[in-house]
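> let me see the structure of the following:
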Amino acid sequence: MNLPEILTALKAALVNSTSLSSVADANIFLGKRSNITEYPTIVIIPGQNRKVRDVFPKENWTAKVMIVGAIKVFDESKYIVGDSNILGIADLDNNIRKALSEDHTLGGKCINLSIMDTDLSYDGDYPEVGTVIGIEILYEQNRTTR
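Below is the predicted model:
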């Protein structure tokens, strides 16, 4: 596999997850976005890639990816933990992590997906609030065909 296939599979996993039914498919993006107007929104931001093993012709790589989730909540008492009608940021964070945990191989596209950390402290302009989930994806690539 290669990184574009991995990222496409990652987006598909989030779009297809029942854990994220509160997020419209059109609000799950690959790559940074500006002027977001629809919430909740999820943005997949690729980061550093590092080769961890090289046994010709195969290479094992780790890809670090940030999953950024954002919501807009006007009721401050529901800002962190919502209820059955309002999604709080801790709820969205948990739902994203559940979706990522449904298939740690992304349909066989990678060796393993690991959730490394989560940061609920991202504070946009009120009433926007967000979470940043750091994941690491281990995948194998054929050096001669990429």
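> could I get the contacting residues of the residue of the chain positioned farthest from its centre?
Within the chain, residue 56 marks the point farthest from the mean C-alpha position, 31.0 Å out by C-alpha atoms, centre = their mean. Residues near residue 56 by C-beta atoms under 8 Å, 6 or more residues apart in numbering: residue 143. (C-beta placed from N, C-alpha, C; glycine too.)
> then residue 62?
Taking C-beta under 8 Å, 6+ apart, we find residue 62 in contact with 49, 50, 52, 136, 137, 138, 139.
> go again using 7 Å as the cut-off
Residue 62 makes contacts with 49, 50, 52, 136, 137, 138, as judged by C-beta atoms under 7 Å, 6 or more residues apart in numbering.
> for those, pick the one with the most neighbours.
The most crowded member of the contacts of residue 62, judged by other C-beta atoms under 10 Å, is residue 137 (26 neighbours).
> from memory that one sits against residue 6, does it?
Yes: using C-beta atoms under 7 Å, residue 137 makes contact with residue 6 at a distance of 5.8 Å.
> which residues do the two both contact?
Contact criterion C-beta under 7 Å, 6+ apart; residues bridging residue 137 and residue 6 by contacting each: 63, 110.
> residues contacting residue 49?
3, 61, 62, 63.
> mean confidence for the helix or strand hosting it?
Secondary structure from DSSP states H and E places residue 49 in strand 41-55. Strand 41-55 shows a mean pLDDT of 95 in the predicted model.
> swap in stretch 135-146?
Stretch 135-146 carries an average pLDDT of 89.
> appreciated, that's everything.
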